[in-house]
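Novice: model the following, please.
(chains A and B)
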Amino acid sequence: MSLAGRLEDLGLADIFQILSIGRKTGTLTIMGSKGSALIVFKHGMIVRGETDDLEKSLADNLLEAGLIKDTVLHLATEVKKELPSKSMAEVLFDLGAINKNMLEQLTKRRIENVICRLLYWQDGHFQFELDDLDIADKTSLPDLGWELGKGLSPEYLLMEGARVQDESAQSPFGPTEEFSLEEPGTEEGWSDDWSQQAERKDISSLKALTQELRFPNSASEITLLILRFASDIFQRGVLFMAGKSEVVGLGQFGLEIELADEKIRATVLHLEKSPFLKRIVTEQRPYKGTVEKDEATRYLLNELGGNWPSEAALFPIVAEGQVVALLYADNLATGVAIAETEGLEIFISQAGLALEKALLQRRIQEMEKERDLP
Amino acid sequence: MKTILIVEDSSTTRALIRAVIDELGDFETVEASSGFEALKMLPQQEYDLIITDINMPDINGLELINFVRSNARYSHVPIIIVSTERSEEDKKRGMALGATAYVSKPFKSLELQEAIQKIIGP
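Specialist: Prediction:
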């Protein structure tokens, strides 16, 4: 069974969201004016992604990263000619030229790049073949890359893609295809510099994202911007929709747990079970410090992986005098101190106003509709 | 005029739901024969109510409800599930995901009409 349509009618973000929500398995192919792409989903997670809209192949990336020599690549190219159904990565792996961990790391970066590139595509025909993982005949792509053992969250990839787009929009050189296996945290002195870096990020993110907040297309875009901003200065976070008596998970970043997005969307915290959260929602003021233990916070942190952070930050998002959302964030992974968050607080305050504006616009539209009725 | 999106893979049930709504008058109906078709129709116009089946071949009703409720652009739209009595578990999951009401198949016209009127008025 296949689901087909045009990107002009249904955007990549919506396609990813529904495949993620439904934990779908299958193969998504896209043919657009910018090229072709192939994305493989397993249980709602992306395990493979390739496009000919990137200048360099995965083999080029391996060569650039110094993981293979050109003589090895030449040999693998000859072998691949004999085995056209295999990807270059599979040939290199079979030849013992590269280990699985390296391939997985590089493929993750490459998939991030692929999705980032696809976010620029405005047109194209897409087709999702449900429960069909036979990729050989579905695309004319010259190489199909490597399949990850553990898939990547589509929501994370969309958020990361949007962040890169945003940064490249400010750069005169546009998006790049740089590859490196170094994680930010492995650089020398990174931990010491973290606080200072975050401080700069705080302000640069404010400058970058406030502009986008002026013309949001929907309330969901506003919430996505909040998560993007928070991901610049925190290592993980969860955004909740706030009701009168409970908060319900909406989105996340940085969670290293299985089925993170699904788990978060199923998370409901009852305010009567948490004097701590209730106080923050009632006072409508941001909080930074230790998370007070109560039934709801214990449940939350258990859902986030079980470890208790030394400190965390919570930011209520207020629209029309009421808390409509609540952002939780911490730096559990490294335990580094939370940096200055004034920039985020200002942004959240602006986001509240933007939400009010979106609500007002909706009401005006409804009133106009009623007025136009015969 | 308020617009209702009917999402149902059975053409017979779609026709039945449309007839029940037509009896109420003053409602426009738009039909999708699958969850995926509904997904593509959602951005095309504003809907005042979605009536959806659960068991559909591509994107099922529960996935559709989850998508609608997690997307701020549509999350305010009320949803009525129309599904078989046997799927009690689906009913629970649908309501937990944010459906507004549930009507069991086979349903009486009046039962569905009352649910519609209760949610989006006469």
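
Novice: what about B:Thr29, which helix or strand?
Specialist: B:Thr29 is part of strand B:27-32 when elements are defined by DSSP states H and E.

Novice: how about that strand and chain A, touching?
Specialist: No. Using C-beta under 8 Å from any C-beta of the partner chain, strand B:27-32 stays clear of chain A, coming no nearer than 12.0 Å. No exception for glycine: its C-beta is placed from N, CA and C like everyone else's.

Novice: the helix-or-strand element of chain B with minimal mean pLDDT near chain A at all?
Specialist: Least confident helix or strand of chain B, by mean pLDDT, DSSP states H and E, is helix B:88-97 with a mean of 84. No. Helix B:88-97 does not reach chain A (C-beta under 8 Å from any C-beta); its nearest approach is 8.6 Å.

Novice: could you report the separation of the spatially most central residue of chain B from A:Arg279?
Specialist: In chain B, the residue lying closest to the centroid (C-alpha atoms, centre = their mean) is B:Ile51, at 1.1 Å. According to C-beta to C-beta, to the nearest Å, B:Ile51 and A:Arg279 sit 41 Å apart.

Novice: so what does the helix or strand encompassing A:Leu353 touch, helix or strand wise?
Specialist: Assessed by DSSP H and E, A:Leu353 sits inside helix A:342-372. Packed against helix A:342-372 by the contact rule (3 or more C-beta pairs under 8 Å, 6 or more residues apart in numbering or on different chains; DSSP states H and E) you find helix A:190-214, helix A:219-233, strand A:312-319, strand A:322-330.

Novice: buried residues in the host helix or strand of B:Ala15?
Specialist: Element membership of B:Ala15 [criterion: DSSP H and E] is helix B:11-24. The neighbour-count check on helix B:11-24 (16 or more other C-beta atoms under 10 Å in any protein chain shown) flags B:13-14, B:16-18, B:20-21 as buried.

Novice: same question for stretch B:68-80.
Specialist: Quick answer for stretch B:68-80 (16+ other C-beta under 10 Å): B:68-75, B:77-80.

Novice: near chain A, which of those show up?
Specialist: Restricting the buried residues of stretch B:68-80 to those near chain A by C-beta under 8 Å from any C-beta leaves B:70-73, B:75.

Novice: which of those residues sit farthest apart?
Specialist: B:Ser70 and B:Arg73 (10.4 Å; C-beta to C-beta).

Novice: re earlier: among the helices and strands packed on helix A:342-372, which gets the worst mean confidence?
Specialist: Averaged per stretch, pLDDT over the helices and strands packed on helix A:342-372 is lowest on helix A:190-214, reaching a mean of 53.

Novice: need the phi and psi values for A:Asp131.
Specialist: A:Asp131 has phi and psi values of phi 60, psi 30 when expressed as degrees, to the nearest 10.

Novice: the one 5 residues further on too?
Specialist: Its backbone dihedrals place A:Ala136 at phi -60, psi -40, with angles given as degrees, to the nearest 10.

Novice: so who does it touch?
Specialist: Going by C-beta atoms under 8 Å, 6 or more residues apart in numbering or on different chains, A:Ala136 touches A:Ser85.

Novice: let me see the ranges of the helices in chain A.
Specialist: For chain A, the helices defined by DSSP state H cover A:12-21, A:58-64, A:70-82, A:88-94, A:100-118, A:154-170, A:190-214, A:219-233, A:260-265, A:275-283, A:295-303, A:342-372.

Novice: how many neighbouring residues does the nearest residue to A:Val318 once chain neighbours are set aside have?
Specialist: Of all residues not flanking A:Val318 in the chain, A:Gly352 sits nearest, at 4.7 Å (C-beta to C-beta, 6 or more residues apart in numbering or on different chains). A:Gly352 has 23 neighbours, counted by other C-beta atoms under 10 Å in any protein chain shown.

Novice: what about A:Ala4, how many residues nearby?
Specialist: Neighbour count for A:Ala4, taken as other C-beta under 10 Å: 12.

Novice: I'd say it and A:Glu129 touch.
Specialist: No. Checked against C-beta atoms under 8 Å, the pair A:Ala4 and A:Glu129 is beyond contact range at 9.4 Å.

Novice: so where's chain B shaky on pLDDT?
Specialist: Applying pLDDT under 70 to chain B picks out residues B:85-86, B:122.

Novice: in it, which residue sits nearest chain A?
Specialist: Residue nearest to chain A within chain B: B:Ala72 (3.5 Å; C-beta to the nearest C-beta).

Novice: what about that residue, distance to A:Gln365?
Specialist: Applying C-beta to C-beta, the value for B:Ala72 to A:Gln365 is 15 Å.

Novice: again, but for A:Leu301
Specialist: With C-beta to C-beta as the criterion, A:Leu301 and A:Gln365 are 41 Å apart.

Novice: the residue found closest to A:Asp52 once you drop the neighbours it is linked to in the chain: neighbour count?
Specialist: Spatial nearest neighbour of A:Asp52, chain neighbours left out: A:Gly35 (4.5 Å); criterion: C-beta to C-beta, 6+ apart. A:Gly35 has 16 neighbours, counted by other C-beta under 10 Å.

Novice: A:Gly35 touches A:Glu55, doesn't it?
Specialist: No. In terms of C-beta under 8 Å, A:Gly35 does not count as a neighbour of A:Glu55; the distance is 11.0 Å.

Novice: in chain A, where is pLDDT below threshold?
Specialist: Applying pLDDT under 70 to chain A flags residues A:169-218, A:362, A:372-374.

Novice: residues from it in reach of chain B?
Specialist: So chain A meets chain B at A:1, A:3, A:5, A:9-10, A:14, A:17-18, A:21-22, A:130, A:217-223, A:250, A:265, A:365, A:373 (C-beta under 8 Å from any C-beta).

Novice: just to revisit the earlier point, contact partners for the residue nearest to A:Val318?
Specialist: Per C-beta under 8 Å, 6+ apart, neighbours of A:Gly352: A:317-319, A:324.

Novice: the same query, at a cut-off of 6 Å, please.
Specialist: A:317-319 (C-beta atoms under 6 Å, 6 or more residues apart in numbering or on different chains).

Novice: could you dump the buried residues of helix B:11-24 into JSON lines and include distance to chain A?
Specialist: Below are those laid out as JSON lines (distance: C-beta to the nearest C-beta, whole Å):
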{"residue": "B:Thr13", "distance to chain A": "20"}
{"residue": "B:Arg14", "distance to chain A": "19"}
{"residue": "B:Leu16", "distance to chain A": "25"}
{"residue": "B:Ile17", "distance to chain A": "23"}
{"residue": "B:Arg18", "distance to chain A": "22"}
{"residue": "B:Val20", "distance to chain A": "23"}
{"residue": "B:Ile21", "distance to chain A": "18"}
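
Novice: count the residues that sit near residue 54.
Specialist: Went with chain A since none was named. Counted with other C-beta under 10 Å, A:Leu54 comes out at 18.

Novice: meant chain B, my bad for not saying
Specialist: Residues near B:Ile54, counting by other C-beta under 10 Å: 25.

Novice: likewise B:Pro106?
Specialist: 11.

Novice: likewise A:Leu259?
Specialist: 16.

Novice: what about it, distance to A:Val164?
Specialist: From A:Leu259 to A:Val164 the distance is 25 Å (C-beta to C-beta).

Novice: now swap in A:Ile39 and tell me
Specialist: 17 Å.

Novice: can you pull the residues of chain B lying near chain A?
Specialist: Where chain B comes near chain A, counting by C-beta under 6 Å from any C-beta of the partner chain, the residues are B:36, B:39-40, B:58-59, B:63, B:66-67, B:71-73.
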